[in-house]
Every structure is written in C-alpha cells, then in structure tokens.
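Visitor: Prediction below, plus the sequence it came from.
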Amino acid sequence: MRAKRFEWSEPGRVADELRAWTAERIAAEDVGAIEEEVVRDGDRGVLRLTAELDATEAPPESLSVPTDAPAAALDGLDPALRESLEVAAANVRTVAEAQVDEEAHRAALPEGQTVTVREVAVDSAGVYAPGGRAAYPSSVLMCAIPARVAGVRRLALASPPRPDGSLSDAVLAAAALCGVDEVYAMGGAQAIFAMAHGTESVAPVDVVVGPGNAWVQEAKRAVYGRVGIDSYAGPSELMLVVGHDTDPEWAALDLCAQAEHGDDSPLLVAAVETAVLDAVLAAVESAAAQRPGVADARLCLVQVPDLSDAIDLANAFAPEHLELMEEDAAHLADRVTTAGCVLVGRYGATAFGDYAAGSNHVLPTGGAGRFSGPLGPGVFRRRISTVEVPADAAAKLGPHVEAIARIEGFPVHGESAMIRSRR
C-alpha cells in the first residue's frame, strides 16, 4: 500500500492536498465521446462499448435481461446468502420508511392565501450497480429499496455483464428481492447515458442513482439537468480518527477493506500522536502484504494538534465514510457536518454500513458531502406547491407584487396581480 504523510496546516489546505494526491481525474470530453456514441447509435453503441469494456469473451446480443431471470436466480440462490440479503434488505427498508413524509404541509398566510407543499414520487428511476472486480447485490438493495419506498412506479437496473456476457446471479436475485421491473446488461458511463437519454431497448428514466467509478460519476454529472441524480458517489473513501485506545489491527482491516474497492479509493488516518500513526501504518503494511488485492491503494497519514483539529479536517475533506475510533467518539460525532456516514466507536466498522446496518452505502464522495447526503427516498420524490389566493388576499398582495415587479423591470407582472386586486 502506498503511504504518504502530510504536514499539518490549515484544515482546508490539507484537505486540498489530500484530494490532489488521491483523486482520479476524468476529462469531460472523454465521457462526452461515450455520450455522443450512445445518443447517435442507441443499442448498437451501448453493445459495442459493452463488448469492448465488459463482455469481452461473449458479448450479449441484447441489452435486456429476460424478465424471468431475476426470480429464477433468487430461487436458486444459496439459502444462507439469501437470508443475509433479506436481513440487509429489511434493515434498509426500515430506515428508508422512516424518512418518508406522506403529509402535505399547509401554511395559512396573514393576507388570506394558503400554500400547500406535498411530495410525490418520480415516475421512473434507473439504478446502477457496479461490476468489474466483482458483483454488488448490496448496491441493488441500497438503491432499489429507497426507490420503492418512495413510490417509484417503474424501476430499471443496469449492471456490467461479466466477460461471458452474463450477469451475476446474486445481482439478479437482489433485483427480484427489490421488485425491479427491468434489468439491463450494460455498465460504465454508457449505461448512465442509455438510462438518461433512452435507446431502442431502454426507455429513459427521471432519476439515475448508484455508486461507481470516476467514469460513471462523470457521466452522472453530465446528464444532471436532463435527469435527476443522487450525488457524486464514487470512488469510495474512508477516513479514520484514531487514538491511543484504537486497536491498530482493527483499523488496518477497515482500511484494507475499503481498499478492496480499488486503488482509486482514498484512505486517510488522522491522529494526535505520532506513535499511534506509526502503529496503524505498521498494521496496515502487515495486513496489506497478506492481501494482494489492496496493495496499490493510497494511504494518507496526518498528525493533528488535537482531536478538534481532526474533526475540522474531516469537515473540510468531507469523506464518504468517517470512522471515529476514539474513546470520545460519540461526543466528536456531534461536530461532524459533512461526512456521508459517521460510524461511531471501535465496533463501528464501515463494513456494517456497507451491507447490513440499515444505513445506505450510496454516499457523496469527492467532497460532495458539503452539499449532499446519503441516498434515500427523498432522491426519488419531488415537492409540488399548490397556491390558493382568494379575493381578499389578492387585494392585499397585489400592491406588493406590483412594487416588486416594477423594480425588477416586469411591469406586466404587476398588472396581472393588480387587475385581480382591484376586483
């Protein structure tokens, strides 16, 4: 594992240095070329890209997966794995249901008008479940269950096929557990563009969500405005705040676990004492040496003056996952304002949040935690305002509308209000 120590200075400056060393940059024009091909060639373009990048041995002839494949995969799934997926699904569903507000909120204003704000679900959503190194049924659960809880009518899933052109049975089984309507064997940026623009086989959706590599996230950024998205969710990140009571081996395993996502996943450890950082680094090097799949990850080590500075650094860096492994973790958690998910205490491994605790693992990365949060039902719901203006309210509000409209250079707005105000 590649480790680098960073000198302490102002938290925002250190956070910028960490990002500069760890971030993978994808040029917008590179992603734009993929979008152009998908829009121009539809299914043919997506299939060509699939053959080039994913299904290299036996490219599929169709993007659509047979509708009976998810149910068949669920029926044939190993019973122990099915039970684990069902436990995870139940916990994710419980947390999602707690976030849905079905009530309409009505405000009665002093002039006599009323404004009612209610939430309704988007009609359709596209879920992206990554592939590549492995299959991720957990990502299907994390995306599809909140969409269903939100009330989405049509739910489509895209996931990269394996080299032989097939999708993982675990991914298909998860799709069946969540009631996904359509499954497509396509991955990468091209899958995002296909769901956003539509092709001959793929009807466009209203919202696209899901984790993925830098290419996938750049594609989501490109289609935002045409469709809604959850957030900039990948590559994965982990920051640990450790102390003298932290078990270095536990910390090392947490870091190596996150490194399994790929060498573009930033890892960060902050501690007050040099000896603590040294112990964690030694444990990481030992653990990584026995786990070749994590050897190329980048590990950032920062010695901070005190724990308060560690939290300031976390708030500046806005990590996807933040583990507070200090003895005062619960107290420190109240000061965190930007992390996607905060795991409190020595038993709070990120792995629990990634799979079965009930929290969502689709989280903002790349600093996006400053303005967005975990995927939840709210991503799939939109607010609608209903305004009722009776005659007496129109009479009172009209002059105010006219005054503001005229100063903004829109006199007809004022006329539109005043003609009602005078009657």
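Guide: Arrived safely, thanks for sending.
Visitor: who are the neighbours in contact with His331?
Guide: If you count contacts by CB atoms under 8 Å, 6 or more residues apart in numbering, His331 has none. All C-beta atoms are positioned from the backbone trio N, CA, C, and that covers glycine.
Visitor: give me the number of residues near the nearest residue to Ala135 once chain neighbours are set aside?
Guide: Nearest residue to Ala135 in three dimensions, chain neighbours excluded: Ser168, at 3.3 Å (CB to CB, 6 or more residues apart in numbering). Around Ser168 there are 19 other residues, counting by other CB atoms under 10 Å.
Visitor: Ala233 now?
Guide: 30.
Visitor: would it count as being in a strand?
Guide: No: with DSSP: H, G, I helix; E, B strand; the rest coil as the criterion, Ala233 is located in coil rather than a strand.
Visitor: give me every residue that touches it.
Guide: Ala233 touches 209-212, 217, 220, 320, 362-365, 368, 375, counting by CB under 8 Å, 6+ apart.
Visitor: show me where the stretch 201-350 of the chain has strands.
Guide: Using DSSP state E, counting those that start in this stretch, the strands assigned to the stretch 201-350 of the chain run over residues 207-209, 228-229, 238-241, 267-271, 298-303, 321-324, 341-344.
Visitor: buried subset of the contacts of Ala233?
Guide: 209-212, 217, 220, 320, 362-365, 368, 375 (16 or more other CB atoms under 10 Å).
Visitor: returning to what we had before: show me what contacts the residue nearest to Ala135?
Guide: Gly131, Ala135, Pro137, Ser159, Arg162.
Visitor: can you name the two of these that are farthest apart?
Guide: Spatial extent of the contacts of Ser168 (CB to CB) is set by the pair Pro137 and Arg162 at 14.0 Å.
Visitor: Looking at those two, which is more packed in?
Guide: The neighbour comparison of Pro137 against Arg162 (other CB under 10 Å) goes to Pro137, with 28 against 19.
Visitor: Residues touching stretch 387-397, excluding its own?
Guide: Contacts for stretch 387-397 (CB under 8 Å, 6+ apart): Leu109, Glu111, Gly112, Gln113, Thr114, Val115, Thr116, Ala417, Arg420, Ser421, Arg422, Arg423.
Visitor: Could you find the closest non-adjacent residue to the third one?
Guide: Just to be clear, that refers to Gly112. In space, and not counting its chain neighbours, Gly112 is closest to Ala393: 3.6 Å by CB to CB, 6+ apart.
Visitor: residues of whichever helix or strand the one you found is part of that come out buried?
Guide: For Ala393, the host element (DSSP states H and E) is helix 391-407. Buried residues in helix 391-407, counted by 16+ other CB under 10 Å: Ala393, Ala394, Ala395, Lys396, Leu397, Gly398, Val401, Glu402, Ala405.
Visitor: Give the rounded mean pLDDT of that helix.
Guide: In this model, helix 391-407 has a mean pLDDT of 96.
Visitor: those helices in the stretch 101-250 of the chain, which residues are they?
Guide: Along the stretch 101-250 of the chain, counting by DSSP state H, counting those that start in this stretch, helices occupy 137-150, 169-178, 188-197, 214-223, 248-259.
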